[in-house]
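> Sequence isn't available, so here's the structure alone:
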């Protein structure tokens, strides 16, 4: 196969002696891409260090489950159990020149389990490695790469199909725009700029997962450490978003926090009734959403604090964090009715929309976590009473209106009122959801605890001397 391109198109010489010509050529021919090789695109990265055998076979009562070094045996039909079984086994070396056989699989099973469980009747047998390579460029003139052609990596996390399909979606509409003369050819440069970093990140995290699967004690210590980190909600969500491709952020410059990110499946309130964003995307066509009243200005006299609203407009609340959105939509009213948590919403009266909300509940902090100058002035208890701001969120539609500050100030003042009403507490504490949130709280005088910088506090004696809203 040969490829030659000029300013007007691409000529492709096929192995059968035929030739084709087109305006553009997109290589979607897999990890061993002939198009990539013919175009002279560098494929940089790491050679394999290990390999795995994978097969679907019949077996007699095998040991089901995962193995410490990765792989294992499981039924194809998990609901019914029994055969056939899917087998994945780590091989002792990565240099193979032929396709695996049933005999190879039997030997690998004996090596791993001491028996081959009577393995027989293979539907298929294959192998894969941890080779990690990526095309240095996804475009060379009029030749482009998509699917698996621009990147190969270990299959951990099942990220290859998602990445390749998203490559094709990103390139498809841009290529159509250019071919139809709707957009300039320079639009195709954004394909590499947007998609190359995504696959590079997939390569990094799959290489890390291979390293984590090493069976020695040092790597077991690393796995234990990672498991401890991933027991925390926010870190687990971050890794889940990375593995699923839901956290992809194309750098499209300054603007709305959602700019360049995946559109969340918002609950919309329209003139024709409630609607979810995803229903507007089924046609795979561009969608323009115009939210709220055009030209509307949010003024403080149009906002009112109240306990959890029963308004159906709470279903339209969106701050960009699914966890915070889901709480006000589905859980807040139940918590309020059970008196487990105090939930306070800031309602925009002209539209009846919830501009923001926060929650308060009794909590505690260890005295040793407080700065020494603060701890010295407190009763000599190991644990001090506190008031926790469990959630604090502002709707995107009210961005730039000072809603975050209004919510925080009201929460601090209400916490002070709770203390003055008899609740034994020395401070208001809040758990920052990310670094940006921590910076926001620090800008209003909250200080990080000594052992947990993402938990911040303000002494209630400090709250007592803060100016109230409007003063």
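It's in. Computed from a prediction, not measured in an experiment: that's the story for all the values here.
> any idea how far residue 97 is from residue 275?
The spacing between residue 275 and residue 97, counted by Cβ to Cβ, to the nearest Å, is 58 Å. Heads up, the C-betas are built off the backbone N, CA and C, glycines and all.
> Give me the more crowded residue out of the two.
residue 275 (13 against 4; other Cβ atoms under 10 Å).
> The more buried one: what's its closest spatial neighbour, skipping adjacent residues?
Distances taken as Cβ to Cβ, 6 or more residues apart in numbering place residue 268 nearest to residue 275, at 4.6 Å, with adjacent residues excluded.
> can you tell me which residues contact the one you found?
274-277, 289, 316 (Cβ atoms under 8 Å, 6 or more residues apart in numbering).
> wait, is it part of a strand?
Yes: per DSSP: H, G, I helix; E, B strand; the rest coil, residue 268 lies within a strand segment.
> host element of residue 323?
Using DSSP states H and E, residue 323 sits within helix 322-326.
> For the chain, give me the ranges with low pLDDT.
The model of the chain has pLDDT under 70 over residues 1, 92-94, 270-273, 288, 290, 292-302, 308-313, 468-471.
> what's the domain layout of this structure?
23-47+133-244, 51-129, 300-463 (automatic domain parsing).
> mind checking which of these is nearest residue 264?
Closest approach to residue 264 among the domains of the chain is made by domain 300-463 (6.4 Å; Cβ to Cβ).
> What is the subsequent helix or strand relative to the longest strand seen in the chain?
Longest among the strand segments of the chain by residue count, using DSSP state E, is strand 353-366. Counting by DSSP H and E, the element after strand 353-366 in chain order, helix or strand, is helix 372-375.
> ok, residue 464 to residue 410 distance?
From residue 464 to residue 410 the distance is 15 Å (Cβ to Cβ).
> between those two, which one's more packed in?
residue 410 (17 against 12).
> Quick check: buried residues in the helix or strand where the more buried one lies?
Using DSSP H and E, residue 410 sits within helix 403-420. Residues of helix 403-420 classed as buried by neighbour count (16 or more other Cβ atoms under 10 Å): 403-404, 406-416, 418-419.
> Of all pairs in those residues, which one spans the longest distance?
Using Cβ to Cβ for every pair in the buried residues of helix 403-420, the one that comes out farthest apart is 403 and 419, at 25.0 Å.
> sorry, back to before: what sits up against the helix holding residue 323?
With Cβ under 8 Å, 6+ apart as the criterion, helix 322-326 contacts 233, 237, 264, 317-319, 391, 393, 433.
> switch the cut-off to 10 Å
Applying Cβ atoms under 10 Å, 6 or more residues apart in numbering, the contact partners of helix 322-326 are 233-234, 237, 241, 246, 264-267, 314-319, 332, 357, 391-395, 433.
> Distance from that helix to the middle of the chain?
14 Å (Cα atoms, centre = their mean, to the nearest Å).
> With stretch 249-258 instead?
Worked out by Cα atoms, centre = their mean, stretch 249-258 lies 16 Å from the chain centre.
> what's the answer for stretch 436-448, then?
24 Å.
> Give me the buried positions along it.
Buried residues in stretch 436-448 (16+ other Cβ under 10 Å): 437-438, 440-441, 446-448.
> what two of the residues you listed have the greatest distance between them?
437 and 447, at 14.5 Å, using Cβ to Cβ across the buried residues of stretch 436-448.
> hmm, who's touching stretch 100-110?
Residues contacting stretch 100-110 (Cβ under 10 Å, 6+ apart): 51-55, 57, 59, 62, 71, 73, 87, 89-92, 96, 98, 115-122, 125-127.
> Pull out the buried members of those residues.
Counted by 16+ other Cβ under 10 Å, these give 51-55, 57, 59, 62, 71, 73, 87, 89-91, 116-117, 119, 122, 125, 127 as buried.
> Tell me which of the residues you listed fall in strands.
With strands taken from DSSP E, the overlap with the buried ones among the contacts of stretch 100-110 comprises 51-55, 57, 73, 87, 89-91, 122, 125, 127.
> isn't residue 153 right up against residue 161?
No: assessed by Cβ atoms under 10 Å, residue 153 is found out of contact with residue 161, at 12.0 Å.
> Who has more neighbours out of the two?
residue 153 (27 against 11).
> Now do that one against residue 138, distance only.
Counting by Cβ to Cβ, the gap from residue 153 to residue 138 is 15 Å.
> do the same with residue 211
27 Å.
> okay, those two: which has more neighbours?
residue 138 (29 against 13).
> contacting residues for that one?
Applying Cβ under 10 Å, 6+ apart, the residues near residue 138 are 26-27, 36, 41, 144-146, 149-151, 167, 170-171, 188-189, 191-196, 199.
> which ones among those are found in strands?
26-27, 144-145, 151.
> Now the phi/psi pair for residue 385, please.
Backbone torsions of residue 385, given as degrees, to the nearest 10, read phi -70, psi 150.
> how about the nearest residue to residue 39, chain neighbours excluded?
residue 143 (4.3 Å).
> Identify the bridge partners of the one you found.
Beta-bridge pairing of residue 143 under DSSP bridges involves residue 25, residue 140.
> Burial check on it, number of neighbours?
Residues near residue 143, counting by other Cβ under 10 Å, number 23.
> same check, this time on residue 373
Neighbours of residue 373 using other Cβ under 10 Å come to 7.
> quick one: it from residue 391, how far?
For residue 373 relative to residue 391 (Cβ to Cβ), the value is 30 Å.
> try residue 343
The spacing between residue 343 and residue 391, counted by Cβ to Cβ, is 8 Å.
> Identify the contacts common to these two.
Joint contacts of residue 343 and residue 391 (Cβ under 10 Å, 6+ apart) are 327-328, 331-332, 335, 357-361.
> Now the buried members of the contacts of residue 138.
26-27, 36, 41, 144-146, 149-151, 167, 170-171, 188, 191-192, 194-196, 199.
> Any idea how far the helix of greatest length in the chain is from the middle of the chain?
As assigned by DSSP state H, the longest helix anywhere in the chain is helix 189-212. Chain-centre distance of helix 189-212: 14 Å, with Cα atoms, centre = their mean.
> quick one, helices of the stretch 101-250 of the chain?
102-113, 160-179, 189-212, 217-229, 233-244 (DSSP state H, counting those that start in this stretch).
> How about the contacts made by the residue nearest the centre of the chain?
For the chain, residue 241 is the residue whose C-alpha lies nearest the centre (Cα atoms, centre = their mean; 1.5 Å). Contacts for residue 241 were tallied using Cβ under 10 Å, 6+ apart; they are 247-248, 262, 322.
> Out of those, flag the one nearest to residue 21.
residue 248 (35.0 Å).
> Next, the contact list for residue 175, please.
Residue 175 neighbours (Cβ under 10 Å, 6+ apart): 23-24, 26, 144, 146, 168, 183, 187-188, 191.
> What are the buried residues along stretch 323-339?
Quick answer for stretch 323-339 (16+ other Cβ under 10 Å): 324-325, 327-329, 332-333, 335-336.
> Equivalent analysis for stretch 156-173, please.
156-157, 159-160, 162-164, 166-167, 170-171.
> Could you save those residues as CSV and add columns showing distance to residue 47?
Formatted as CSV, the buried residues of stretch 156-173 follow (distance: Cβ to Cβ, whole Å):
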residue, distance to residue 47
156, 18
157, 21
159, 20
160, 18
162, 25
163, 21
164, 22
166, 26
167, 23
170, 29
171, 28
